Structures are given as structure tokens and as C-alpha cells.
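Asker: sequence plus predicted model, see below.
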Amino acid sequence: MSAAPGDPDGGSTKNRDASGGSEVPPGVDRAAALGAGAPAIPVKFFYWLLAAVLVLGLGGFLAEHLLSSAGLNPVATTTPTAVAAPPSIPSVPVPETDGRTVNAPLASFMGLSVLAPRPAPTFSLVDQDGRTTSIPVATPPSVVVLSFFNGACNDICPVVAAEIKKADADLGAAAAHVEFVTVNTDPTDLAQSGQVRAVQETGLGTLANWHMVTGTLATLNSLWRAYGVSISVDKRTGLESHNGVMDFIDPAGTLRERVTPFANESKNGAFSLPEASVARFGEGIATYAERLVTP
């Protein structure tokens, strides 16, 4: 068979590469193709790749959100630190502890507070004898030791009464310049007769300079507030209770110092204090009152 034109070997019309290897399609310049390098990647490919990344990322975020909402992937929380409640202010009476021991410094034992001098809230009330007692005491100007307890004397009253008697005795001649005024704290017993009963039960009626005063509920309520006295009545028993306050007012009517009476309460509700403590508190009352008599 004769060779085809252009094929000196008489073979196929396809060309072979220089090494005699694979065939090269006719019309393709192998050397030129290799010199041109790899074909360029289409721009659309990058757009599709970016779109795929965004879809996968958004899908993962939504999946995590759904799992968290269902409680399958709970978020860790921090347990808040408990804040201790502020300590409550102890009510009177308080036991003899800490600075209230009889051998403590006088100011600590009596719970003394030196007040910023200011005019004492004024009042005019009727005492156990039906006489008007006013603060400040004008004729003659006197030091006032102001206390608060109820006419029935079923609270801290017996202890405070014993301390007032001790103070009056310790004052000696200076007692002529000191008035002991006790304001009724029982909103259920405002009559003068109730104050007479307090005189009988405390024995303070023997003191010419002691006055148990009372008035209308509106007047007393305003006075209690002015001196920071809190009154409460047990709805079940009808018994009254209040915080212990004793103020010292100088002859000019200026509120100067405050002490805090205290007592020990038994299981049956009786209030008492050891004799030595009563004597020490009475001496303290006399000490602070006399300082205001002769500043």
C-alpha cells in the first residue's frame, strides 16, 4: 500500500511528539501550549466559593442559636454573690454584753451619744398632779432628764424608775436644778389616772422634781416622733413596747446628750437589772445632769 501524501512512513495522519510518545491532535502546537502555562480559573468560581462559605457560616450560627434556645447547649452562668443583709438595730431592752458590763467605761455602759446641740422639741403636757409641765423649764431654768415609759409600768419602767431615784439621791443639792420628766408611751392609756398608777408602782411620787406627763394621742405622737421614740402595741396582748431613750436638756432648752436605758427580760416578760448595774446607771445619770447644771 502506498503511503498517504505527507506521511513518509505510510502511517496515521496524527503527529507524534518529539519523544515518540503520545499523539498530538493535528493542528495543535504542543510546544506553544506548554509555554502558555495552566489555563486561568474563571472569575465565577470565586463568587460561588464565597457564597458557599457565607451559607455554611450562617447555617452554623442559626443551628447553634436553635440548640441553645432548646436547652441543648446551655450558656454557662455565674452565680451571683449573696449580699449579707445589713444588721438590724437591736431593740431595747438589750442584755448586758460587750460595753454594757458594769465595769466598762461609763460612756460605754450607758450607751452615751453626744448630740449636735440643737433646740429640744418643746411641749406642754399635764403631769400626775394635773399641773402643766413644759419643755424647756423656764422658772427657774433647769436641766431636764427626759425619759419615756408607759403608765402601767409593765416594760422597762421598773428599772428606769430605780435608776432615776438613785440619780436624784446622788445629785444631792444639785437636784434642785434638775427636773426628771417622763413621757407616757402607751397610746391605749392616755388618761391622767394612768399616770397616777405609774406613780404608785414606781415610788417616784416621793420625788418633788419628777413628772409623769401625758396628753392627747395627736400631741404625744408628734412628740414621740420628734424625740425618735418608736411605739408599738401587740394586737393580741395589748402590751405596749418602745425603744429606750433618755435625753439631757440644758437650762437653755438645748438637747445635749442621750443615753440608752436597758434591762434583761425574763421568759415571762419581766424586766430587771442587777443592783450594781442599776446603781452604776443612776450614778451616770447624775454625772451627766450635774455637768449641765455647772458647765
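Answerer: Looks like it arrived, so ask away.

Asker: only C-alpha atoms for contact and neighbour calcs from this point on.
Answerer: Will do.

Asker: and the helix or strand hosting residue 118, what's buried?
Answerer: Counting by DSSP states H and E, the element that carries residue 118 is strand 113-119. By neighbour count on 16 or more other C-alpha atoms under 10 Å, the buried set for strand 113-119 is empty.

Asker: tell me the domain boundaries of the protein?
Answerer: 43-74, 98-293 (automatic domain parsing).

Asker: what ranges does this structure have for its helices?
Answerer: Secondary structure of the chain by DSSP state H: the helices cover 30-36, 43-69, 106-110, 157-171, 192-202, 217-226, 275-293.

Asker: a markdown table for the domains of the chain, including mean pLDDT?
Answerer: A markdown table is the format used below for the domains of the chain (pLDDT from 0 to 100):
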| stretch | mean pLDDT |
| --- | --- |
| domain 43-74 | 51 |
| domain 98-293 | 89 |
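
Asker: just name the most buried of those.
Answerer: domain 98-293 (a mean of 18; mean count of other C-alpha atoms under 10 Å).

Asker: look up how far residue 131 lies from the closest residue to residue 216 other than its chain neighbours.
Answerer: Nearest non-adjacent residue to residue 216, counting by C-alpha to C-alpha, 6 or more residues apart in numbering: residue 190, 6.8 Å away. In this view, residue 190 and residue 131 are 15 Å apart by C-alpha to C-alpha, to the nearest Å.

Asker: cool, and residue 246?
Answerer: 22 Å.

Asker: please apply the same query to residue 172.
Answerer: Look at residue 172 and residue 131: by C-alpha to C-alpha, they are 25 Å apart.

Asker: go on, residue 124?
Answerer: For residue 124, the distance to residue 131 - C-alpha to C-alpha - is 10 Å.

Asker: need the distance between the two termini of stretch 242-253.
Answerer: 25 Å.

Asker: who touches that stretch?
Answerer: Residues outside stretch 242-253 that contact it (C-alpha atoms under 8 Å, 6 or more residues apart in numbering) are 91-93, 119-120, 135-137, 141-149, 185, 229-232, 255-262, 288-289, 292-293.

Asker: CA atoms of stretch 159-167 as CSV?
Answerer: This file holds the C-alpha atoms of stretch 159-167, laid out as CSV (Å, rounded to 0.1, in the frame of the first residue of the first chain):
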residue,chain,number,x,y,z
VAL,A,159,-35.5,49.6,136.1
VAL,A,160,-35.6,53.2,134.8
ALA,A,161,-37.5,54.3,137.9
ALA,A,162,-35.0,52.8,140.2
GLU,A,163,-32.2,54.5,138.2
ILE,A,164,-33.9,57.9,138.5
LYS,A,165,-34.3,57.5,142.2
LYS,A,166,-30.6,56.6,142.5
ALA,A,167,-29.6,59.6,140.3
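
Asker: hmm, who's touching it?
Answerer: 180, 202-204, 207, 261, 263, 271-273, 278-279, 281-286.

Asker: can you do 6 Å?
Answerer: Residues outside stretch 159-167 that contact it (C-alpha atoms under 6 Å, 6 or more residues apart in numbering) are 202, 278, 282-283, 285-286.

Asker: can I get these in CSV with distance to residue 241?
Answerer: Compiled in CSV, these are given as follows (distance: C-alpha to C-alpha, whole Å):
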residue, distance to residue 241
202, 18
278, 21
282, 22
283, 26
285, 23
286, 26
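
Asker: out of those, who's nearest residue 153?
Answerer: Here the nearest of the contacts of stretch 159-167 to residue 153, counting by C-alpha to C-alpha, is residue 202; it sits at 7.6 Å.

Asker: tell me how far the closest one lies from residue 158.
Answerer: On the measure of C-alpha to C-alpha, residue 202 and residue 158 end up 6 Å apart.

Asker: got the phi and psi for the closest residue to residue 292 other than its chain neighbours?
Answerer: Leaving aside its chain neighbours, residue 292 sits nearest to residue 250 (5.7 Å; criterion: C-alpha to C-alpha, 6+ apart). Main-chain torsions, residue 250, degrees, to the nearest 10: phi -80, psi 170.
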